[in-house]
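Enquirer: Requesting a structural model of the entry that follows:
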Amino acid sequence: MTVVVTAIVHPKPGHLDEALAVFSRHVGAVHQEPGCELYSLHTQGDDIVVIEKWTTQAELDTHGKGSALARLGAELHPLLAKPADLSSLTPHPAGDPIKGAL
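Expert: Residues are numbered from 1 along each chain as shown. Next up, the predicted model:
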């Protein structure tokens, strides 16, 4: 079953661009992980919103323990004001199959 994750990342004031640069250095490795269907970055004010889509929960769990996320986290952690807010979502497609689901 597909799993959608949102992560709202909270950089320290003045560190948004630096935090985005950290993500940019590591996102390619995440995209290569098995099961990664989407891993996209967005900003909302001074926060970074990461929207992820994984083919299975098991592949998401592997990502959570993987080297790409470990490297990203090691660089990102000193730039954060507080831990990320994470949500794991179960899609419920509706309407147009293309427009009604991630």
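
Enquirer: State the distance from Trp54 to His15.
Expert: Distance, Trp54 to His15, by CB to CB, to the nearest Å: 28 Å. C-betas here are computed from N, CA, C, even on glycine.

Enquirer: hey, where'd the helices end up in the chain?
Expert: 16-31, 57-65, 67-76 (DSSP state H).

Enquirer: Compare Trp54 and His15 (neighbour count), which wins?
Expert: Legend: neighbour count by other CB atoms under 10 Å for Trp54 and His15, higher for Trp54 (25 against 18).

Enquirer: Got the confidence number for the residue nearest to Ala29 when sequence neighbours are not counted?
Expert: In space, and not counting its chain neighbours, Ala29 is closest to Ala68: 3.8 Å by CB to CB, 6 or more residues apart in numbering. pLDDT recorded at Ala68 is 96.

Enquirer: How many residues are close by Ala68?
Expert: Neighbours of Ala68 using other CB under 10 Å come to 18.

Enquirer: same deal with Glu33?
Expert: For Glu33, using other CB under 10 Å, the count is 17.

Enquirer: Could you do the one 3 residues further on as well?
Expert: With neighbours defined by other CB under 10 Å, the count for Cys36 comes to 19.

Enquirer: For it, give its distance to Val5.
Expert: 11 Å.

Enquirer: residues in contact with the residue nearest to Glu33 when sequence neighbours are not counted?
Expert: Leaving out its chain neighbours, the residue that sits closest to Glu33 by CB to CB, 6+ apart is His63, at 5.4 Å. Contacts for His63 (CB atoms under 8 Å, 6 or more residues apart in numbering) come out as Val30, Glu33, Gly35, Cys36, Trp54, Leu69.

Enquirer: now Met1
Expert: With contacts defined as CB under 8 Å, 6+ apart, Met1 is in contact with Thr56, Gln57, Thr90.

Enquirer: hmm, try it at 6 Å
Expert: By CB atoms under 6 Å, 6 or more residues apart in numbering, the contact set of Met1 is empty.

Enquirer: and what of Glu37?
Expert: With CB under 6 Å, 6+ apart, Glu37 has these contacts: Lys53.

Enquirer: Equivalent analysis for Leu89, please.
Expert: Val4.
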